[in-house]
Each structure stands twice: as structure tokens, then as C-alpha cells.
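[1] here's a sequence, model it:
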Amino acid sequence: MFQYAAGLALARSRNMNFKLDVSGFSSYSQHHGYELERVFKSQSALASEQDLKDILGWQYSPLVRRILKRVWMTPLRKSSLLMESGFPYTDLESKVSDCGYLSGYWQSEKYFMNYANEVRESFKFGSIINPENVKWTELISRVNSISIHVRRGDFISTKNVAYHGACSVEYFTSATRYIMARISSPEFFVFSDDIEWAKANISPSAPCHFVSNNSGANSFNDMRLMSLCKHNIIANSSFSWWGAWLNANNSKIVIAPAKWFAADVDTCDLLPPSWVTL
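    Here you go, the predicted structure:
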């Protein structure tokens, strides 16, 4: 979603079209692969192999591009290939040629804030067809709803824990207390890929609902429901980042972890300035 939003904004600023390279998803086994067209109403143009060759020439090969990511290979990159050099925001306008290829995550609102309305329009969800989600939607709309997203899963695996890590119980406790001190009659809605852990560790002294009916190919509905809540407590996860960003409540409170990664990564541009960090 960050990649789409950054590409869309840059294309609009240049009055050009853009296409998505989804070839990398052919061997990608995590998080259900490429889902933008299935989840959202908007349809995206996809780049063909010939499109990539036309822009990148011999550098179109995924293997070659992986090698070119190394900093010392920078001088060999074509001017049409821009690779993200780090997590902080960089000005794409001054670095991308008119016909270029963006390689990176581009995880900052700064890349698309001038086209925020169009990004929101692109990320409108399709109709709700699951009766349980209809009931959740109705309840969320009636009360002072606050989403809590607990991301664990692959973030706590031996492979990823040293880099990603997971938010602590103390973080969620502090976040719920912060909200309860400012919002009258709050009701919490908890979403997680480890709902049993959440039930054992998330216990605010206010009504608390654990949403567990969305899994597998229907997991995206958790993001939809989070975006409908009036306020959000997010995890160190782009999934709940977008759930909070798509929340249309102008007076929303969004609470995010001050330390996004367990590793030492500069995330100064990741969170919108209005969000609260704890």
C-alpha cells in the first residue's frame, strides 16, 4: 500500500500513468501475496516483462536488482532505477526521471500527502458481505470505539524477533489508559493474529471486544473494521498503520509505539505528526 501510494503521487505530480510490478509475488508465500485489486475498489495497471525491459534494460532482472541494492553498486544503476537508500523520507521529485522504476518500501505519509484524498479513494474497501462483519460495523459506529491491533505472528519468530519485535503488554496498558483519560465511555475492539495472547494480556477497565472472525483470505476485513473505529491504538505494523490512516474521523486519537523496530532503525518520518507515541 505504501508503494502504491508513493507511485500514484509521483505519477500524478508528473501528469503520467504508472504501473505496478507484481512479479515478485510469484514466489512470495507470506500475507496472501498481492491483494490490492481483490481488497479495494480501485483497479491498478500491472507492468509486463516488456515494460520492465523498456525502462530498465539489462537491469530488469530481479536477481540483478537484488545485487544493485548494495550501496557500493550505486554507480552502476541506471538513472531510471531509484532504490530506497534508507527508511527516512527522501524527495523523489528531484531523483526520479520521467520514466522511472521505484524500488523500496517508501513508508511515510510524506510521499503522498499532497494526494491524500486520491490515495484514500484508491483504498476504499468493497462491500461488506460477511454477516459478522456487518454486526461489528454497526456496533463500532454506535459507540466510542477504539481499535487495538496486536501484531505477533512472524514478528516474534526466531528469524524476525531481533529486527521487528512485538509491542509489550506495558505499551498496550499505557495506550488504553491514555485513551480512557481523554475519551468518555470508550469501548475497545481488539484485532490480532494471536487472539488468545491478546485475550490473556489486554484487559482495559472498559468494555472490550475481541474480533476473531477474520482470518486467511478475509484478514483484510480487520483493517476495514479498524478504519471504522473512532480512535486507534496500533502495533508496530503497517497493517494497523493503514487502518489508522484510513480512519476518516477528523478528531481521532492515534497511539503508536515510540520504538517501531527492535533493531536500530531511523523511523523519524514513519508516523504522521498528529499521532501520539508511547
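
[2] correct me if wrong: residue 106 contacts residue 84.
    Yes: contact criterion Cβ atoms under 8 Å: residue 106 and residue 84 qualify, at 6.5 Å. All C-beta atoms are positioned from the backbone trio N, CA, C, and that covers glycine.

[3] neighbour count winner among those two?
    Taking residue 106 and residue 84 together and counting by other Cβ atoms under 10 Å, residue 106 has the greater number of neighbours (22 against 17).

[4] in this protein, which spans are helices?
    Secondary structure of the chain, counting by DSSP state H: helices at 2-14, 36-39, 49-56, 62-68, 116-122, 131-142, 169-180, 195-201, 220-228, 238-245.

[5] redo those helices as CSV? Include mean neighbour count and mean pLDDT.
    Converted to CSV, those look like this (neighbours: other Cβ atoms under 10 Å; pLDDT from 0 to 100):
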stretch, mean neighbour count, mean pLDDT
helix 2-14, 19, 94
helix 36-39, 14, 90
helix 49-56, 15, 92
helix 62-68, 13, 89
helix 116-122, 15, 96
helix 131-142, 14, 96
helix 169-180, 17, 97
helix 195-201, 15, 95
helix 220-228, 23, 97
helix 238-245, 22, 97
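
[6] could you dump these to JSON lines with distance to residue 252?
    Listed next are these as JSON lines, based on distance: least, Cβ to Cβ, whole Å:
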{"stretch": "helix 2-14", "distance to residue 252": "19"}
{"stretch": "helix 36-39", "distance to residue 252": "22"}
{"stretch": "helix 49-56", "distance to residue 252": "39"}
{"stretch": "helix 62-68", "distance to residue 252": "38"}
{"stretch": "helix 116-122", "distance to residue 252": "14"}
{"stretch": "helix 131-142", "distance to residue 252": "13"}
{"stretch": "helix 169-180", "distance to residue 252": "11"}
{"stretch": "helix 195-201", "distance to residue 252": "22"}
{"stretch": "helix 220-228", "distance to residue 252": "10"}
{"stretch": "helix 238-245", "distance to residue 252": "8"}
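
[7] pull up the distance across stretch 90-99, start to finish.
    Counting by Cα to Cα, to the nearest Å, you get 18 Å between the two ends of stretch 90-99.

[8] give the rounded mean pLDDT of it.
    Averaged across stretch 90-99, the pLDDT comes to 80.

[9] buried sites along it?
    Burial within stretch 90-99, assessed by neighbour count using 16 or more other Cβ atoms under 10 Å, is assigned to 90, 92, 96.

[10] convert the C-alpha atoms of stretch 234-249 to CSV, please.
    C-alpha atoms of stretch 234-249 as CSV (Å, rounded to 0.1, in the frame of the first residue of the first chain):
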residue,chain,number,x,y,z
ILE,A,234,-1.7,0.5,16.6
ALA,A,235,1.1,-2.0,16.7
ASN,A,236,4.5,-1.7,15.0
SER,A,237,2.8,-2.9,11.9
SER,A,238,2.0,-1.3,8.5
PHE,A,239,-1.4,-3.2,8.6
SER,A,240,-2.6,-1.2,11.6
TRP,A,241,-0.8,1.9,10.4
TRP,A,242,-3.1,1.9,7.4
GLY,A,243,-6.1,1.0,9.5
ALA,A,244,-5.5,4.2,11.5
TRP,A,245,-4.6,6.4,8.5
LEU,A,246,-7.8,5.4,6.6
ASN,A,247,-9.8,6.3,9.7
ALA,A,248,-11.8,9.4,8.5
ASN,A,249,-12.6,10.8,12.0
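
[11] thank you kindly, that will do.
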